[in-house]
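> missing the sequence, but the structure's below:
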């Protein structure tokens with residue numbers, strides 16, 4: 001009976017492993033793509049602090065925090081899918 005369950009779950013295990021691989025690649029690529037704009041936003045934020053333009057600094061701070069949240073949410077999604085994939089593989 002356990003063999004039959006493993007055979008039936010094998011496509012799900014393969015799909016979840018493929019999803020983990022694709023999400024890892026996507027997260028790494030998006031981290032590289034977002035790194036340069038985040039550095040630029042940080043530099044502009046420092047300049048607006050120097051010029052004491054507080055509203056522009058607040059806008060840039062929100063943009064930087066949004067980029068950080070995007071990367072954090074992507075990491076949480078990848079970790080959740082990895083956990084699910086491991087859980088399915090153990091069944």
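Now that the structure is in, tell me what you want to look at. Values in this document were obtained by computation on a predicted structure and should not be read as measured data. Numbering: from 1, shown residues only.
> Please, where are all the helices along this structure?
2-51, 54-90 (DSSP state H).
> chain center to the helix or strand bottoming out on mean pLDDT in the chain: distance?
One helix or strand of the chain scores below all others by mean pLDDT, DSSP states H and E: helix 2-51, with a mean of 91. Helix 2-51 has its C-alpha centroid displaced from the chain centroid by 4 Å (CA atoms, centre = their mean, to the nearest Å).
> could you give the angle of that helix to helix 54-90?
Orientation check (axes from the mean of the first three to the mean of the last three CA atoms, to 10 degrees): helix 2-51 against helix 54-90 gives 170 degrees.
> hang on, the earlier thing: got the helices of the chain as JSON lines, with mean neighbour count columns?
Glycine gets a C-beta too; all of them are placed from N, C-alpha and C. Below are these laid out as JSON lines (neighbours: other CB atoms under 10 Å):
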{"stretch": "helix 2-51", "mean neighbour count": "13"}
{"stretch": "helix 54-90", "mean neighbour count": "14"}
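> Please name the residues that touch the residue minimising distance to the centre of the chain.
Per CA atoms, centre = their mean, the C-alpha nearest to the average position across the chain is that of residue 74, at 1.8 Å. Counting by CB atoms under 8 Å, 6 or more residues apart in numbering, residue 74 touches 23, 26, 27, 30.
> can you do 6 Å?
Taking CB atoms under 6 Å, 6 or more residues apart in numbering, we find residue 74 in contact with residue 27.
> same check, this time on the one 10 residues further on
Contacts here follow CB under 6 Å, 6+ apart; on that basis residue 84 touches nothing.
> chain center to stretch 48-62, what's the gap?
The answer for stretch 48-62 is 27 Å, by CA atoms, centre = their mean.
> What are the contacting residues of it?
Contacts of stretch 48-62 (CB under 6 Å, 6+ apart): 41, 44, 45.
> And the pLDDT for residue 67?
Looking at residue 67, its pLDDT is 94.
> from what I can see it touches residue 34, true?
Yes. With contact defined as CB atoms under 6 Å, residue 67 and residue 34 form a contacting pair (5.4 Å).
> And the closest residue to residue 85 other than its chain neighbours, how far from residue 44?
Nearest in space to residue 85, with sequence neighbours left out and distances taken as CB to CB, 6 or more residues apart in numbering, is residue 16 at 3.9 Å. To residue 44, residue 16 is 41 Å away according to CB to CB, to the nearest Å.
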